[in-house]
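Peer 1: quick one: sequence plus predicted model below, questions after.
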Amino acid sequence: MVMSNKLGFPESFLWGGALAANQCEGAYREGGKGLTNIDLCPTGKNRFKVMLGNIESFSPMEGEIYPSHEAIDFYHNFREDIALFGEMGFKCLRVSVAWGRIFPNGDDETPNEEGLKFYDELFDEMLKHDIQPVVTICHFDIPVALIENYGGWRSRKLVEFYERYTKTIFNRYKDKVKYWMTFNEINMLLHLPFVGAGIVFKEGEDKNKIKYQAAHHQLMASALATKAAHEIIPGVMVGCMLAAGVTYPYTCNPDDVQKAMDKDRENYFFIDVQSRGEYPGYAKRFFRENGIEIEMEPGDEEILKTYTVDYIGFSYYASRCASTDPEILKGMTNGNVFETIKNPYLKASEWGWQIDPKGLRITCNTLFDRYQKPLFIVENGLGAVDKIEEDGSIIDDYRIEYLREHVKEMKEAVLDGVELIGYTSWGCIDIVSASTGEMKKRYGFIYVDKDNDGNGTLERSRKKSFYWYKKVIESNGETLE
Ligand code: BG6
């Protein structure tokens, strides 16, 4: 029985989990799917070079391992996996559609029926278990043909192709999907341009100019998708998606405070456009002072202004720190591919990501104060190495602790007055890590038997956190022990 908790999470709160096609589906050339950018990101030392857009290669390279090719084979196992999510009581599941399954080359005139059928089956299966689909339209998946023939999102042509793709899926799934997100972690484009926008740089190019022009194209595509969704699907909710995490000034030195604000604005820039509908003054100043002139077509500004998002989706893993002191800047660590200074008050994950539950409350409040729109936490979780006990069980108390502390702070945010519609924990079943390509960096409530080299039976088993999360959902966030 769901407890009445008027001062806690709303009864309609969407508890669930989150996945991305490229990290779970596998079957990378089945069902007519075209090759996508992530299919070209190997594990190991070349991964970052490719993801940063520093290697030009449009087909898999000899001797490399490509984790997306098989991933956890969700493509063939989704019915079993969704039954497990149903057992946990998921109210929703965030998945993404792989663009390359629907339009294998990205610029095809007609969609690939087999790809469309796959997502029909996937959404039907979710609905059968009373799990509402929350769908990311583009989660780092860009057809390679668009990169090879048009230069990825540096080309305005992609706005048109994306529009065709979004209208196709809105029309097809209009009775099945209410919650959509246009681009996963849209600000990732600045940090991993090949992953976020299919950009490969040429020698001597002005990288900032290219990245911000590509950003304009994605922002236009996002606004046009929002327009189309509102026209096609009654009651639809279209969201943006930000890789969030507040930046703290390392000290109260005003220079540090200014730097922290500037760092946050690099990310808010995207959402300021998607939610407030215009380029903010600080961005215009940055462009002016860096010789960046965004090429716009007549009517662009009006489209951005008119078709703003309905809710703010975001991922939160860690907070960040900013300093202007060269000595302090020596102590850097990772945090969702954003390099940041280590915060002496926080512990970190095995991958150096700073663990900061209170930062989630602060992030929620900051975003809500800024945009005054409902928020949806669509990613959060702990990437950790799991150990299988002799009896086969997995006692992941560290994951439970991480999630529990974050859910507590999320509730505090709700009590602060933040309008929060849901929470989907990242990688609810173990999947391939986006940053490292590893399998051993696990987030799931469900263990998948597969290692970094691709060995394993792919068998699924429930971890201790599986039973814990089930209780959290059953009690609508009241039972956290
Ligand atoms: C986000 C992405 O950046 O963080 C996911 O949207 C990703 O795709 C997640 O998997 C966790 O990062 P990682 O590198 O630990 O998989």
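Peer 2: Great, that's in hand. No experiment lies behind these values; they were computed from the predicted model shown.

Peer 1: part of a strand, is residue 243?
Peer 2: Yes - per DSSP: H, G, I helix; E, B strand; the rest coil, residue 243 lies within a strand segment.

Peer 1: average pLDDT across the helix or strand in which residue 369 is found?
Peer 2: If you go by DSSP states H and E, residue 369 is part of helix 357-371. For helix 357-371, mean pLDDT rounds to 98.

Peer 1: helices or strands next to that helix in the packing?
Peer 2: On a contact count with 3 or more CB pairs under 8 Å, 6 or more residues apart in numbering; DSSP states H and E, helix 357-371 meets strand 237-244, helix 254-271, strand 311-316, strand 375-379, helix 397-415. To be clear about C-beta, it is placed using only N, CA and C from the backbone, and glycine gets the same treatment.

Peer 1: same list, these, but as CSV with mean neighbour count please.
Peer 2: Converted to CSV, the helices and strands packed on helix 357-371 look like this (neighbours: other CB atoms under 10 Å):
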stretch, mean neighbour count
strand 237-244, 26
helix 254-271, 18
strand 311-316, 26
strand 375-379, 26
helix 397-415, 19
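
Peer 1: which among those is found nearest to residue 74?
Peer 2: Taking CB to CB, strand 375-379 is the member of the helices and strands packed on helix 357-371 nearest to residue 74, at 17.0 Å.

Peer 1: and residue 81, helix, strand or coil?
Peer 2: Per three-state DSSP, residue 81 ends up helix.

Peer 1: show me the contact partners of the helix holding residue 369.
Peer 2: Around helix 357-371, the neighbours that count as contacts under CB atoms under 8 Å, 6 or more residues apart in numbering are 242, 244-246, 268, 271, 275-276, 312, 314, 316, 318-319, 375, 377, 380, 402, 405-406, 408-410, 412-413, 416-420.

Peer 1: could you redo the last one with a cut-off of 7 Å?
Peer 2: Outside of helix 357-371, the residues within contact range by CB atoms under 7 Å, 6 or more residues apart in numbering are 244-246, 271, 275, 312, 314, 316, 319, 375, 405-406, 408-410, 412-413, 416, 418-420.

Peer 1: show me what from the stretch 51-200 of the chain comes close to the ligand.
Peer 2: Residues of the stretch 51-200 of the chain lying near the ligand by CB under 6 Å from any ligand atom: 184-185.

Peer 1: what segments of the stretch 51-200 of the chain are strands?
Peer 2: 92-96, 132-138, 179-183 (DSSP state E, counting those that start in this stretch).

Peer 1: tabulate the ones you listed in TSV, adding columns for mean neighbour count and mean pLDDT.
Peer 2: Formatted as TSV, these follow (neighbours: other CB atoms under 10 Å; pLDDT from 0 to 100):
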stretch	mean neighbour count	mean pLDDT
strand 92-96	26	98
strand 132-138	24	98
strand 179-183	26	98
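
Peer 1: residue 387 is nearest to which of those strands?
Peer 2: Closest to residue 387 of the strands of the stretch 51-200 of the chain is strand 92-96 (CB to CB; 27.2 Å).

Peer 1: now the angle between strand 179-183 and that closest one, please.
Peer 2: With axes from the mean of the first three to the mean of the last three CA atoms, to 10 degrees defining the directions, strand 92-96 sits at 30 degrees from strand 179-183.

Peer 1: give me the contacts around strand 92-96.
Peer 2: Strand 92-96 is contacted from outside by 14, 16-21, 85, 122, 126, 131-136, 139, 141, 184, 378, 422, 424, using CB under 7 Å, 6+ apart.

Peer 1: again with stretch 292-303
Peer 2: Residues from elsewhere that reach stretch 292-303, judged by CB under 7 Å, 6+ apart: 208-209, 212-213, 216, 220, 223-224, 287.

Peer 1: please state the offset of it from the chain centre?
Peer 2: For stretch 292-303, the separation from the chain centroid amounts to 26 Å (computed by CA atoms, centre = their mean, to the nearest Å).

Peer 1: rounded mean pLDDT for that stretch, please.
Peer 2: Mean per-residue pLDDT for stretch 292-303: 98.

Peer 1: what's the end-to-end length of that stretch?
Peer 2: Stretch 292-303 has an end-to-end distance of 21 Å (criterion: CA to CA, to the nearest Å).

Peer 1: in it, what counts as buried?
Peer 2: Buried residues in stretch 292-303, counted by 16 or more other CB atoms under 10 Å: 292, 294, 300, 303.

Peer 1: from residue 19, how far out is the nearest residue to residue 395 once chain neighbours are set aside?
Peer 2: Distance criterion CB to CB, 6 or more residues apart in numbering; nearest residue to residue 395, sequence neighbours excluded, is residue 464 at 5.1 Å. Residue 464 is 21 Å from residue 19, where distance means CB to CB, to the nearest Å.

Peer 1: and what of residue 104?
Peer 2: Applying CB to CB, one obtains 21 Å for the distance of residue 104 from residue 19.

Peer 1: what's the answer for residue 473, then?
Peer 2: 17 Å.

Peer 1: could you check the pLDDT of residue 341?
Peer 2: With respect to pLDDT, residue 341 scores 89.

Peer 1: low-scoring stretches of the stretch 101-250 of the chain, by residue?
Peer 2: For the stretch 101-250 of the chain, no stretch has pLDDT under 70.

Peer 1: what's the neighbour count on the closest residue to the ligand within the stretch 251-400 of the chain?
Peer 2: Nearest to the ligand in the stretch 251-400 of the chain, going by CB to the nearest ligand atom, is residue 383, at a distance of 4.3 Å. By other CB atoms under 10 Å, 24 other residues sit near residue 383.

Peer 1: over to the nearest residue to it once chain neighbours are set aside: give its phi and psi.
Peer 2: The shortest distance from residue 383 to any non-neighbouring residue, by CB to CB, 6+ apart, is to residue 441 (4.1 Å). Residue 441 adopts backbone torsions of phi -90, psi 90, taken as degrees, to the nearest 10.

Peer 1: would residue 433 count as being in a strand?
Peer 2: No - assessed with three-state DSSP, residue 433 is coil; it does not lie in a strand.

Peer 1: chain center to the longest helix along the chain: distance?
Peer 2: For the chain, the helix with the greatest residue count under DSSP state H is helix 207-232. Distance of helix 207-232 from its chain centroid, counting by CA atoms, centre = their mean, is 17 Å.

Peer 1: might you report the residue contacts of the residue in the stretch 1-150 of the chain that the ligand sits nearest to?
Peer 2: Of all residues in the stretch 1-150 of the chain, residue 20 sits closest to the ligand, at 4.9 Å by CB to the nearest ligand atom. Residues near residue 20 by CB under 7 Å, 6+ apart: 96, 136, 139-140, 184.

Peer 1: contacts for stretch 251-258 next, please.
Peer 2: 249-250, 322-324.

Peer 1: same thing but at 8 Å, please
Peer 2: For stretch 251-258, the external contacting residues (CB under 8 Å, 6+ apart) are 249-250, 322-325.

Peer 1: are any of these buried, and which?
Peer 2: If you count burial by 16+ other CB under 10 Å, the buried members of the contacts of stretch 251-258 come out as 249-250, 322-324.

Peer 1: which among the residues you listed are in contact with the ligand?
Peer 2: Of the residues in those, proximity to the ligand by CB under 6 Å from any ligand atom holds for none.

Peer 1: the more surrounded of residue 473 and residue 19?
Peer 2: residue 19 (27 against 18).
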